[in-house]
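Undergrad: The sequence and its predicted three-dimensional model are supplied below.
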Amino acid sequence: MSAVRFARTRFRQASELLALVLPGQYPADSVIERYFKAHREMGSQDRGFAAETVYGCLRRLGEIRATIQPLIDDMNEERQAPYITAAYLVMAQGWQTKSFADTEFNREAETLVKQIRQFDKTRLSEAERCNLSDTVYQALSTTFTSDDIQRLAQALNQPAPVDLRVNTAKTDRERLQRELGAQGFDCEPTRLSVWGLRRAQRGPLFNTPAFKQGQFELQDEASQLVSWLLAPKPRETIVDFCAGAGGKSLHLSQLMRNRGKVIACDISARRLEQMSPRLRRAGCDNVQLQPLADEHDPILGNWREQADAVLVDAPCSGTGTYRRNPDLKWRSLDLPALNALQASILQSAGRLLKPGGRLVYATCSVLSQENEAIVDQFLADHPQFERVGVDRQYEDSEAILASLQTIDASAAEALRTQGTLRLYPHLHQTDGFFAQRLQRKASA
Ligand SMILES: C[S@@+](CC[C@H](N)C(=O)[O-])C[C@H]1O[C@@H](n2cnc3c(N)ncnc32)[C@H](O)[C@@H]1O
């Protein structure tokens, strides 16, 4: 493709795609997938450029919008899209007025470039500088200093690596690493998860024989530690209360050696159904899918005081996953409503435990309002539960605690003594994740 046609076509595709993503009606990745299906003429480099540009715009949208505000003030999102795309290409990719000469943006380019050059960056609010919404910035300010928020936001605004969780029922980490490496997919063992492999770049991993044979799943390293924190054992009955499409149910089943029972519940029957092919591929026979009307569904009475362990991977703001889902940053967020739902789910989940049973409350959020605050309130209302640290009897605990110790001694201490796992991208190079291990007292 000539340089001229390259700029014209690719600019049009990227801004067209951004116009579809900006209203935030559907997750960006599904909009992008649909666009590519409808535009079969796009080669892999065109697709790469369009997707990276759209994700880049979403990562820096706060700063971009503030910088070019006077030019887009009275426009709807569709009309804003070429301006935002162009601003991103100028601010992050070094495009200049002349780069737009052959694009449909040629007449506006000069004014836009001038606006960007003249903009006084000191006028950016803290939230805009961090490319976070005001709601999230304010929520973070109650726990973090502004320097920490900046470091956290900078890490959340980078693309995430690709993490795999090895299915130890089918292979082991070294073998899979060798097999994938031989096919050109180099990976490194993850530092904290003993089941993880990490790749710096994306690639068509789903086409590999290893994936088709169920030897691995894609799962962020932090998320891999959550099922482990529940210390699942063969022959137990474990409820995964918010199982979704089963990322953690699959791992629970693996840690239980495919014995006992995982009851995978969710209010979304569609998401639960997406688990079925994953279970077949992984060879898991001990997972039962249980759709719920809500967290008070009477069917839950079947497991009242019956479960050895319950996992609550609660619906949350997803602030810890902004690296993968930068579109989430710009969706409306009703924290009080989410907090009420989280508390209600945790309360219902607590009723399912036998005396002595284990409970893990987890979110992929970095906001204490969704994490510590929910757990503190639950413990205040339920004195029969307590926080329990990770002891040495835990399978793999020595390896995981020792690795965490080398990266962040205070995080290791919180996990060892309190059963609290707090991970952040700027400190641990994982998604932002929170998990708290609780236990119902044996006599209560
Ligand atoms: C963070 S996602 C779970 C992700 C999943 N555990 C995994 O590892 O892939 C939260 C899930 O909670 C479900 N959910 C929302 N409200 C719920 C409720 N009242 N009871 C049970 N599940 C609920 C959502 O449908 C969503 O699938």
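TA: Alright, I've got the coordinates.

Undergrad: show me where the protein has strands.
TA: 162-166, 188-189, 196-199, 216-218, 237-240, 261-266, 287-291, 307-313, 353-363, 385-387, 420-423, 433-440 (DSSP state E).

Undergrad: So for residue 14, which of those sits nearest?
TA: Among these, the nearest to residue 14 by Cβ to Cβ is strand 162-166 (22.7 Å). For glycine as for every other residue, the C-beta is placed from the backbone atoms N, C-alpha and C.

Undergrad: Quickly check: the closest one near the ligand or not.
TA: No: Strand 162-166 does not reach the ligand (Cβ under 6 Å from any ligand atom); its nearest approach is 10.7 Å.

Undergrad: That strand pairs with which strands, and in what direction?
TA: strand 196-199 (antiparallel), strand 216-218 (antiparallel) (DSSP bridges).

Undergrad: returning to that earlier point: between the strands of the chain, which one is closest to residue 411.
TA: Nearest to residue 411, of these and by Cβ to Cβ, is strand 420-423 at 6.0 Å.

Undergrad: Parallel or antiparallel, which strands does the closest one pair with?
TA: strand 433-440 (antiparallel).

Undergrad: what's the neighbour count on residue 270?
TA: For residue 270, the count of nearby residues is 9 (other Cβ atoms under 10 Å).

Undergrad: picking up where we left off before, and the strands paired with strand 162-166 as JSON lines, adding distance to the ligand and mean pLDDT?
TA: Converted to JSON lines, the strands paired with strand 162-166 look like this (distance: least, Cβ to the nearest ligand atom, whole Å; pLDDT from 0 to 100):
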{"stretch": "strand 196-199", "distance to the ligand": "15", "mean pLDDT": "98"}
{"stretch": "strand 216-218", "distance to the ligand": "10", "mean pLDDT": "97"}
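
Undergrad: Adding distance to residue 374, write the ones you listed out as CSV.
TA: Shown next, in CSV, are the strands paired with strand 162-166 (distance: least, Cβ to Cβ, whole Å):
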stretch, distance to residue 374
strand 196-199, 27
strand 216-218, 27
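
Undergrad: want to try a markdown table for the ones you listed, with mean neighbour count and distance to residue 207 as columns?
TA: Listed next are these as a markdown table, based on neighbours: other Cβ atoms under 10 Å; distance: least, Cβ to Cβ, whole Å:
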| stretch | mean neighbour count | distance to residue 207 |
| --- | --- | --- |
| strand 196-199 | 21 | 14 |
| strand 216-218 | 20 | 13 |
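
Undergrad: among those, which is nearest residue 126?
TA: strand 196-199 (31.7 Å).

Undergrad: Just give me how far the closest one sits from the chain centre.
TA: The chain centre lies 16 Å from the centre of strand 196-199; the measure is Cα atoms, centre = their mean, to the nearest Å.

Undergrad: Go ahead and produce PDB holding the CA coordinates of that strand.
TA: Listed next in PDB are the C-alpha coordinates belonging to strand 196-199 (Å, rounded to 0.1, in the frame of the first residue of the first chain):
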ATOM      1  CA  GLY A 196       1.000 -19.200  34.700                       C
ATOM      2  CA  LEU A 197       2.900 -18.500  31.500                       C
ATOM      3  CA  ARG A 198       3.200 -14.900  30.100                       C
ATOM      4  CA  ARG A 199       3.600 -13.600  26.600                       C
END
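
Undergrad: Take the strands of the chain and lay them out in CSV including distance to residue 343.
TA: Shown next, in CSV, are the strands of the chain (distance: least, Cβ to Cβ, whole Å):
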stretch, distance to residue 343
strand 162-166, 30
strand 188-189, 38
strand 196-199, 31
strand 216-218, 30
strand 237-240, 18
strand 261-266, 17
strand 287-291, 22
strand 307-313, 11
strand 353-363, 10
strand 385-387, 14
strand 420-423, 18
strand 433-440, 13
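
Undergrad: Nearest to residue 182, out of these?
TA: Going by Cβ to Cβ, the one of the strands of the chain nearest residue 182 is strand 196-199, 13.8 Å.

Undergrad: Contacts made by that closest one with the rest, please.
TA: Outside of strand 196-199, the residues within contact range by Cβ atoms under 8 Å, 6 or more residues apart in numbering are 161-166, 173, 176-177, 180, 185-190, 205, 216, 219, 221, 224.

Undergrad: rerun at 6 Å
TA: 161-164, 177, 187-188, 190, 221, 224 (Cβ atoms under 6 Å, 6 or more residues apart in numbering).

Undergrad: Could you do stretch 348-363 as well?
TA: By Cβ under 6 Å, 6+ apart, the list of residues contacting stretch 348-363 reads 226, 229-230, 239, 241, 295, 303-305, 307-314, 316, 346, 370-371, 375, 382, 434-440, 442.

Undergrad: restrict the residues you listed to those near the ligand?
TA: Answer for the contacts of stretch 348-363 near the ligand (Cβ under 6 Å from any ligand atom): 241, 295, 313.

Undergrad: The ligand contacts on the protein?
TA: Counting by Cβ under 6 Å from any ligand atom, the chain sits next to the ligand at 241-248, 265-268, 271, 292, 294-295, 313, 315, 345.
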